[in-house]
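Asker: Return atomic coordinates for the entry below.
(4 chains)
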4 protein chains.
Amino acid sequence: MVGGGPGAFIGAVHRMAAALDGTIELVAGAFSASPEKSYQQGAALGLDPGRVYGSFRAMADSESARDDGIDVVSIVTPNHMHFPVAKTFLEAGFHVICDKPMTNTLTDAEALCRLVREQDAVFVLTHNYTGYPMVKEARGIVQGGRLGVIRKVIVEYPQDWLATPLERTGHKQADWRTDPKRAGAGALGDIGSHAENLARYITGLELSALCADVTTFVPRRPIDDDVSMLVRYKGGARGVLHASQVSVGEENNLNIRVHGSEGSIQWFQEHPNWLYFRKLGGPERILKRGNDYLSPAAQHASRLPSGHPEAFLEAFANIYASAARTIAARIAGHEPGEFDTDFPTVQDGARGVHFILTSLESGRQRKWTDAAYTPPE
Amino acid sequence: MVGGGPGAFIGAVHRMAAALDGTIELVAGAFSASPEKSYQQGAALGLDPGRVYGSFRAMADSESARDDGIDVVSIVTPNHMHFPVAKTFLEAGFHVICDKPMTNTLTDAEALCRLVREQDAVFVLTHNYTGYPMVKEARGIVQGGRLGVIRKVIVEYPQDWLATPLERTGHKQADWRTDPKRAGAGALGDIGSHAENLARYITGLELSALCADVTTFVPRRPIDDDVSMLVRYKGGARGVLHASQVSVGEENNLNIRVHGSEGSIQWFQEHPNWLYFRKLGGPERILKRGNDYLSPAAQHASRLPSGHPEAFLEAFANIYASAARTIAARIAGHEPGEFDTDFPTVQDGARGVHFILTSLESGRQRKWTDAAYTPPE
Amino acid sequence: MVGGGPGAFIGAVHRMAAALDGTIELVAGAFSASPEKSYQQGAALGLDPGRVYGSFRAMADSESARDDGIDVVSIVTPNHMHFPVAKTFLEAGFHVICDKPMTNTLTDAEALCRLVREQDAVFVLTHNYTGYPMVKEARGIVQGGRLGVIRKVIVEYPQDWLATPLERTGHKQADWRTDPKRAGAGALGDIGSHAENLARYITGLELSALCADVTTFVPRRPIDDDVSMLVRYKGGARGVLHASQVSVGEENNLNIRVHGSEGSIQWFQEHPNWLYFRKLGGPERILKRGNDYLSPAAQHASRLPSGHPEAFLEAFANIYASAARTIAARIAGHEPGEFDTDFPTVQDGARGVHFILTSLESGRQRKWTDAAYTPPE
Amino acid sequence: MVGGGPGAFIGAVHRMAAALDGTIELVAGAFSASPEKSYQQGAALGLDPGRVYGSFRAMADSESARDDGIDVVSIVTPNHMHFPVAKTFLEAGFHVICDKPMTNTLTDAEALCRLVREQDAVFVLTHNYTGYPMVKEARGIVQGGRLGVIRKVIVEYPQDWLATPLERTGHKQADWRTDPKRAGAGALGDIGSHAENLARYITGLELSALCADVTTFVPRRPIDDDVSMLVRYKGGARGVLHASQVSVGEENNLNIRVHGSEGSIQWFQEHPNWLYFRKLGGPERILKRGNDYLSPAAQHASRLPSGHPEAFLEAFANIYASAARTIAARIAGHEPGEFDTDFPTVQDGARGVHFILTSLESGRQRKWTDAAYTPPE
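Answerer: Now for the predicted structure:
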């Protein structure tokens, strides 16, 4: 692991997600830009001190020299470090699991696409919300044509944790996430990108154009904390996407509605075990995780019987489990299983970066902007 | 009553709303452009045949000549007839209750504003959703400053009754509502205008600019059936408004969220007795109709104890009850009571028409458009 | 109307319910045991003073002597007056609409059964919750065998309006409802009887035995304010019924679950437009009022399109509308229509009284008690 | 681990719960009564073959002889084996984590109480639902007196997984859970005991008497699959408890309501992050996991920020984490931390066994039965 030092939120999440299924073992880390904090965190995690490093470069060098070196690195640093760390470890021959957004520039994102192909590496981007079983069910419903022709996609991601100037109170998370140099973008990058990815994962639709209103509500904050946009998709579907980190009363309310000519679905991250499914002229149905009537993909992504709720960590662990199975297959030289490659890729990362930058541009210019994009394969 | 002939939906609703409290009695009508249908409907309603008319002009003439003529006319025709009927009855000295949208052109809307002032008439526009007690509670919370500075307003009005080309099956409602000559606009006029009115009623915010995406999803339909827009309000608040008549699985899901710097509220028309209220850092609260902890305005608009749900007709009846009390006060020559004038006015109607036309223009041009407007007082 | 004087809750409800459809006109009344209050209320309602009476006996005498006398009397007095008033008006040849519970003794209840038969009168008991369209849908689902063999019925009716000693503050409602002489029973009679009636209406099951725990939680209250019971039905189904007027936080949360071998339904009075329906092995379905997929009985009981919620008054009005159609048919000498006799009868009233008395007895003796009962036809 | 062989549900849950926080490592096991299956499971879990045993007695002997032997055994066998396994390991000097119900007889349960005291062992019973943060919040609210005097406790646990004769299809779980010899009791033991424990954990109330209706709905099933009961608590509170494994449409819907003289709470296991809290005369509040306004106990039991839902496994892991901290403290010879001993004990197990046996007796006799019980300390 690179990043995830004392007090970091997402590093601990990655570690629990990896531990849940016992398929990935944490054996080495460079947990902080401060060597001291890195050693402190390594000790707290009970790691062999010889494999706790003062810098990610030292870790890449040392681990690639070991016979029992790591197979894969998990990058959980602030955003601006994703690129240099990923590049270093890819070049050193490792597989990569990387947090999102992937990079702060499109040039870097496309460079990673090419590097992953050149190294024949497995690259997994932790758009973790696609790990939820009922998100997979939603995707299956759309792909199976059960909604008819998609008309409208409404995806929302309101939060309120930055409703006040938290970054001026010494809060570590808030500090880097509101710093344009490290975070790149604010609400757009941190959660808008999740919303875009979720909509694309479920519908398979490609963006055609968008018109964004990008706002900073908290005075003197140097980065966006709220965004709303109109979206047009290739093929004629329309969309609305809005995300906010200052919507008081909202916790982590990612949710999506997909309306087609014959049906619609709706899903809420805060109640993730249920998926609402409506067909034209029929009653609303609530599909619930863990039932035999769900698709194989949704059942495969589930650990517990119905009514025994799964949640955020289990969905996150699904990304790790898929990554682990795909990397294990790659190492063993055989093909991964049917559901093993169901994780966000380096191309998804490039699409996300393009989306963020296009939205910022549209907001600056206050106009509809072309959003079509195809990343390098 | 003018309009509301056999098979009309909204005419029956107006009649039930008026009957509920027994303050307005239906005594005369021109129920259809077809004299025969008008007589038929009058008979079905048990009216004195001498006061059932073959045309609205005959009704205005005859009723103004009677000593016991009507006090107020209720206009429930298709949209294009609102203006000529309202003009005729206003000029004949009557008060007017009129369905929305008020007119199909801004010229007509502003002409009505002036005529209402000249005649010193009471003019009530049936944006009925503002009649709900918990909408009044929401308005009170915002006006009382309990949300702090308003940041974001999200108002939605999805339906699905026009998800298929219903107008080509002989459905009377669908026929005129998808005819640009009679309806003026489609989803925008029929329900988008309700959404705009609801947001304005609750927040008091005035539009500054908007960028609309106006769409027709059902092939060969000659009018819009879906609209999404970004909104900017005077004072810096941002908004998202979307309405649709083709969102499969949605029935009449008007709902609104208002986020301020210190709190937020959320309300759903389909579960109208509850209002969600959140303060920064505190638990979510569910305010429920009929309780002593609500504002006088919300309590005043309520007929039943808490837990005995009220709904659409009761809210609609509140518009009628306010109209009745205000008109009765006018006739009696005294001032109306504190809550009696809490109904949408002719100026609200003009604002609605301006909103509809601006949205259509923004959609045609695919750009942000100035939406500031002040109607004639 | 007999009863429903100034400040009474249920009288006003009956009047609004009758007004909604315009099929029953209020023309005469004895609104209070106090002649003065009766005249005052009659004036407030705009009645002909000649038809406002100082006593119910005067009203029965006078109205039966008129050519244009009333067709039906609506009895909305405290419980102990139901019997003498109903008896008087039945004997005078009128039809009767009566609030519940029907009487305070089984002797009186059975006497009314016989009198109704002798007079060939229409007798309607306002167990109003059976007027909800989705309750009728639930009944249709059970009767159609779609739940298989009924196993378990759970019906609850918690409220909290008597959570404090409200009767000692001068509250009129609370005063008589906690007085054993006038109310007969407390929570058991007022709302437990609704719960029992609702379960029977939906399932058609007859009680076999019950074991009740009848409690008074508020100190010095002379009547029960909480009851819980186990129930056995003929045929083997089991049940749980609990009702309370002291459950803080509950408003009027009547709700029911019926579980069968092949499916189940669930309904909540506070969200009355939705009915939850589950079939073994399939997803939960939400059936919503106003849709074409519902039974004719449910559609017939509905006034508005789906998504335009109906509620308590509309359900209550359905009882009145059925009564009006049945009485009109009786007067006209023809058969009532298919759904016209779908209202609670005098036999339902007798069953309710037997249920209340048996529950009180079981509670006193703390044991399982035989609850089988067949009222006189 | 003893038990948890191939195909077992609860064994896998215990393993994931233990893994999540990395505080307990699985190093040895006797996973099945069949040595072959035990070895197979040990291999699948990647254990040292030298520590996978053919019988629990071999495991106890061998592990107690090792310097690096286990600290604690986790017992996840069918119910009838809990006692002999727990006894063996306690006598061998190990701490014990044991699934519920603890034993099939009260004699065995009390023997374990005494043995735990004699051995000065840590004994943890996995009534896992008490591990939920919002259950701890509920307990804190009651203990803090914020509900006033408790009046009524309604606890439900409906499921439907045994709605059909699943045990006759070769389903392993269903097979032993419907066998009186192995399971002891059916719905009563498996889930009724969870309901009773949850109510006791939150309210602290002790049973005084109960009257149970214990039923078997699926023909030819030799054990109860449904139970409903009235409950009286010491101090005057009343209760209703019902549990079912044949309630079609219910998944794992454990839920509880506690009503006091000044407030009430409600919690649903299937939506475990929210707790409903109502105070007399005030609006309903939704308390949500992960917020600063919650009690230290609830915050301590939480891993993720608000809005990032936690669920079943995280709650189960809380039991394991508490056990691990308490055992670690015991081994290290110091006092456990403030929240470390917040887990169900051997006395809770004995109370649960007494509750089950009393309920069966009450059902057999169809009468109210004394339920007071104090287990040996």
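Asker: Surely residue A:272 forms part of a strand?
Answerer: No - counting by DSSP: H, G, I helix; E, B strand; the rest coil, residue A:272 falls outside a strand, being coil.
Asker: Tell me the spacing between it and residue A:363.
Answerer: 30 Å (C-beta to C-beta, to the nearest Å). To be clear about C-beta, it is placed using only N, CA and C from the backbone, and glycine gets the same treatment.
Asker: who's more crowded, these two?
Answerer: residue A:272 (24 against 21; other C-beta atoms under 10 Å in any protein chain shown).
Asker: Return the distance of that one relative to residue A:256.
Answerer: 12 Å.
Asker: Can you give me the pLDDT of the residue in chain A sticking out farthest from the centre?
Answerer: In chain A, the residue that sits farthest from the middle, by C-alpha atoms, centre = their mean, is residue A:281; the gap is 35.5 Å. Looking at residue A:281, its pLDDT is 96.
Asker: and residue A:220, how many neighbours?
Answerer: Residues near residue A:220, counting by other C-beta under 10 Å, number 8.
Asker: Correct me if wrong: it contacts residue A:165.
Answerer: Yes - checked against C-beta atoms under 8 Å, the pair residue A:220 and residue A:165 is within contact range at 7.0 Å.
Asker: which ones are touching residue A:226?
Answerer: By C-beta atoms under 8 Å, 6 or more residues apart in numbering or on different chains, the contact set of residue A:226 is A:187, A:214-217, A:242-247, B:151-152, B:238.
Asker: Put the buried members of these into a ChimeraX selection.
Answerer: What follows is the ChimeraX syntax for the buried subset of the contacts of residue A:226, where burial is set by 16 or more other C-beta atoms under 10 Å in any protein chain shown:
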select /A:187,214,215,216,217,242,243,244,245,246,247 /B:151,152,238
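Asker: which regions of chain A sit below the pLDDT cut-off?
Answerer: Applying pLDDT under 70 to chain A picks out no residues at all.
Asker: what are the ranges of the strands in it?
Answerer: Secondary structure of chain A (DSSP state E): strands located at A:2-3, A:72-76, A:95-98, A:123-125, A:150-158, A:207-215, A:226-233, A:238-244, A:255-260, A:263-268, A:274-279, A:284-288, A:369-370.
Asker: just to revisit the earlier point, make CSV out of the contacts of residue A:226 and add distance to chain C.
Answerer: Output for the contacts of residue A:226, formatted as CSV (distance: C-beta to the nearest C-beta, whole Å):
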residue, distance to chain C
A:187, 32
A:214, 34
A:215, 32
A:216, 37
A:217, 33
A:242, 24
A:243, 28
A:244, 28
A:245, 32
A:246, 32
A:247, 26
B:151, 29
B:152, 25
B:238, 28
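Asker: Among the contacts of residue A:226, which one sits closest to residue D:372?
Answerer: Checking the contacts of residue A:226 against residue D:372 by C-beta to C-beta gives residue A:247 as the nearest, at 52.0 Å.
Asker: Can you report phi and psi for that closest one?
Answerer: As for residue A:247, its main-chain torsions (degrees, to the nearest 10) stand at phi -90, psi 90.
Asker: now it: how far from residue B:265?
Answerer: Applying C-beta to C-beta to residue A:247 and residue B:265 gives a distance of 12 Å.
Asker: Find residues that contact each of these two.
Answerer: residue B:257.
Asker: Now residue A:315. Nearest residue, chain neighbours left out?
Answerer: Excluding its sequence neighbours, the residue lying closest to residue A:315 (C-beta to C-beta, 6 or more residues apart in numbering or on different chains) is residue A:131, at 3.8 Å.
Asker: My guess is the one you found contacts residue A:313. True?
Answerer: No - counting by C-beta under 8 Å, residue A:131 stays clear of residue A:313, with 9.8 Å between them.
Asker: I'd like the contacts of residue A:226 as TSV, with distance to residue A:59 appended.
Answerer: Shown next, in TSV, are the contacts of residue A:226 (distance: C-beta to C-beta, whole Å):
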residue	distance to residue A:59
A:187	32
A:214	37
A:215	40
A:216	37
A:217	40
A:242	39
A:243	34
A:244	37
A:245	32
A:246	37
A:247	39
B:151	43
B:152	43
B:238	44
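Asker: What are the boundaries of the helices in chain A?
Answerer: A:9-20, A:35-44, A:56-65, A:82-91, A:106-119, A:133-143, A:172-177, A:180-183, A:187, A:193-203, A:296-300, A:312-332, A:346-365 (DSSP state H).
Asker: among those helices, which is the most enclosed?
Answerer: Compared across those, helix A:187 shows the largest average neighbour count, a mean of 31 (mean count of other C-beta atoms under 10 Å in any protein chain shown).
Asker: could you check whether it is close to chain D?
Answerer: No - shown here: helix A:187 not in contact with chain D (C-beta under 8 Å from any C-beta of the partner chain), separated by at least 14.7 Å.
Asker: Determine the set of other helices and strands touching that helix.
Answerer: Judged by 3 or more C-beta pairs under 8 Å, 6 or more residues apart in numbering or on different chains; DSSP states H and E, helix A:187 is in contact with no other helix or strand.
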